[in-house]
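Chemist: Sharing a sequence plus its predicted fold:
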Amino acid sequence: MNIQEIKKIEKNVIETLKMFVQENDTIIAGISGGADSVFLLHILEKLNLNTIVAHINHKSRGADSKKDYTFVKNLSKNHIFESLEEDVKKIAQKNKKGFEETARKIRYIFFNKLQKKHKAKYIITAHNANDNTETIILNLARGAGLKGISGMEILNENLLRPLLNITKEEILEFLKAKKIKHREDKSNKDLKYNRNFVRHKIIPELKKLNPNLHKTIAKNSKNIREVESHLKEEALKWIKKNKSKTSETYDAKSFKTLKKALQKAVIINIYENTIGNTNNVENIHLEEVIHLIEQNVGNKKKKLNKLTFFIKANKIKVSVEK
């Protein structure tokens with residue numbers, strides 16, 4: 001990588017950051033010590049920000065986890081350093097959840113606590129274009145709806161991902177050219193994790209069809225998000241117009257006149273507005289609820305995770321599991 005290419009990548013990320021942050025803003029930066037997060041911290045240090053470095057020791061790699069901690073702490077000498085140590089594997093087994101899901105939950109609970117503590121504007125993570133591709137493929141494989149296959153957003157509420165337009169390969173070449181050291185996580189090669197399987201087995205095959213796979217998917221991801229955003233806007237208009245003023249009840253007759261894509265958007269937004277997220281809601285679940293509503297049989301109900309849709313007298317009644 002030559003000087004011009006290095007400057008181009010730096011400029012790309014800095015311009016993205018400057019769209020959201022200003023001088024002296026306080027931000028939380030999730031830094032693991034891996035290539036992506038080390039690159040992120042390198043770029044952040046070029047801006048006049050109050051950077052709080054947040055590091056989590058998952059206690060999953062023995063001595064290597066401790067070395068990661070020491071590496072990041074030394075890297076953060078010019079910043080406030082916050083760390084958390086959790087036995088993620090033990091917590092995952094106790095709650096009967098996957099390691100990756102548990103680690104993610106712990107990570108964002110920690111980051112959000114730090115954001116409140118330091119009154120930070122954003123939590124910034126080092127997700128890149130490759131991560132976005134992997135997420136979309138995983139969501140496609142599990143049958144996610146439009147939102148799931150739209151991928152990651154650069155800004156999602158308080159979470160900022162300024163590296164989504166940069167590939168992992170570009171990051172590694174950048175660090176090599178600048179002679180910047182980073183830590184290697186050997187568990188990233190363990191194929192028992194779904195993301196690693198996609199990364200090492202699926203994506204290399206797809207790149208044979210399109211060497212610019214990550215950039216192409218990033219563009220398509222943006223297009224899908226625009227469609228999803230429009231559907232959400234229309235769905236919220238319908239919900240506002242057709243929701244009872246006194247209860248969680250909606251007009252089934254009006255719902256049946258909507259196009260299928262908008263029907264799904266209405267259901268997903270009712271779910272999100274009521275529960276607060278759309279975790280574990282897949283396309284097949286939306287199809288099942290729509291099928292129930294379109295049947296002309298009364299007193300029928302369908303459970304969608306924590307939400308129950310009950311159809312009676314041309315009304316859609318929604319209740320939350322207690």
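Modeler: Nice, thanks for sending it over.

Chemist: drop to CA atoms for contacts and neighbour counts, all remaining ones
Modeler: Will do.

Chemist: for the stretch 1-150 of the chain, what spans make up the helices?
Modeler: Secondary structure of the stretch 1-150 of the chain by DSSP state H, counting those that start in this stretch: the helices cover 3-18, 35-44, 63-75, 88-95, 99-118, 129-141, 146-149.

Chemist: how far off helix 35-44 does the third one point, in degrees?
Modeler: Meaning helix 63-75. Here helix 63-75 points in a direction 10 degrees away from that of helix 35-44 (axes from the mean of the first three to the mean of the last three C-alpha atoms, to 10 degrees).

Chemist: Report the backbone C-alpha coordinates of helix 63-75 in PDB.
Modeler: Extracted in PDB, the C-alpha atoms of helix 63-75 (Å, rounded to 0.1, in the frame of the first residue of the first chain):
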ATOM      1  CA  ALA A  63      -3.000 -16.100  28.900                       C
ATOM      2  CA  ASP A  64      -3.800 -14.600  25.500                       C
ATOM      3  CA  SER A  65      -6.800 -12.800  26.900                       C
ATOM      4  CA  LYS A  66      -4.600 -11.300  29.600                       C
ATOM      5  CA  LYS A  67      -2.000 -10.300  27.000                       C
ATOM      6  CA  ASP A  68      -4.800  -8.600  25.000                       C
ATOM      7  CA  TYR A  69      -5.700  -6.600  28.100                       C
ATOM      8  CA  THR A  70      -2.100  -5.500  28.700                       C
ATOM      9  CA  PHE A  71      -1.700  -4.600  25.000                       C
ATOM     10  CA  VAL A  72      -4.800  -2.400  24.900                       C
ATOM     11  CA  LYS A  73      -4.000  -0.800  28.200                       C
ATOM     12  CA  ASN A  74      -0.500   0.200  27.000                       C
ATOM     13  CA  LEU A  75      -2.100   1.400  23.700                       C
END
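
Chemist: domains of this structure?
Modeler: Using automatic domain parsing, the domain parsing of the chain gives 3-218, 243-320.

Chemist: so can I have a markdown table of the ones you listed showing distance to residue 224 and mean pLDDT?
Modeler: Below are those laid out as a markdown table (distance: least, C-alpha to C-alpha, whole Å; pLDDT from 0 to 100):
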| stretch | distance to residue 224 | mean pLDDT |
| --- | --- | --- |
| domain 3-218 | 5 | 93 |
| domain 243-320 | 13 | 88 |
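
Chemist: related to what we said a few turns ago, and the helices of the stretch 1-150 of the chain as CSV, adding mean neighbour count?
Modeler: Conversion of the helices of the stretch 1-150 of the chain to CSV gives the following (neighbours: other C-alpha atoms under 10 Å):
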stretch, mean neighbour count
helix 3-18, 15
helix 35-44, 21
helix 63-75, 17
helix 88-95, 14
helix 99-118, 15
helix 129-141, 20
helix 146-149, 22
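
Chemist: how many neighbours does residue 187 have?
Modeler: Residue 187 has 12 neighbours, counted by other C-alpha atoms under 10 Å.

Chemist: Repeat that for residue 96.
Modeler: Residue 96 has 10 neighbours, counted by other C-alpha under 10 Å.

Chemist: State the distance from it to residue 307.
Modeler: When C-alpha to C-alpha, to the nearest Å is the yardstick, residue 96 and residue 307 sit 22 Å from each other.

Chemist: Dump the helices of the stretch 1-150 of the chain into TSV; add distance to residue 56 as well.
Modeler: As requested, the helices of the stretch 1-150 of the chain are arranged in TSV below (distance: least, C-alpha to C-alpha, whole Å):
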stretch	distance to residue 56
helix 3-18	24
helix 35-44	13
helix 63-75	8
helix 88-95	10
helix 99-118	7
helix 129-141	19
helix 146-149	27
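
Chemist: and residue 207, which of those helices is closest to it?
Modeler: helix 129-141 (11.4 Å; C-alpha to C-alpha).

Chemist: who touches the closest one?
Modeler: Residues from elsewhere that reach helix 129-141 (C-alpha atoms under 8 Å, 6 or more residues apart in numbering): 148-152, 163-168, 194-195, 198-199, 203, 214-215, 217-218.

Chemist: And stretch 195-211, by the same measure?
Modeler: 134, 135, 137, 138, 188, 189, 190, 191, 213.

Chemist: Quick check: residue 312 touching residue 300?
Modeler: Yes: proximity of residue 312 to residue 300 meets the contact threshold set by C-alpha atoms under 8 Å, at 7.2 Å.
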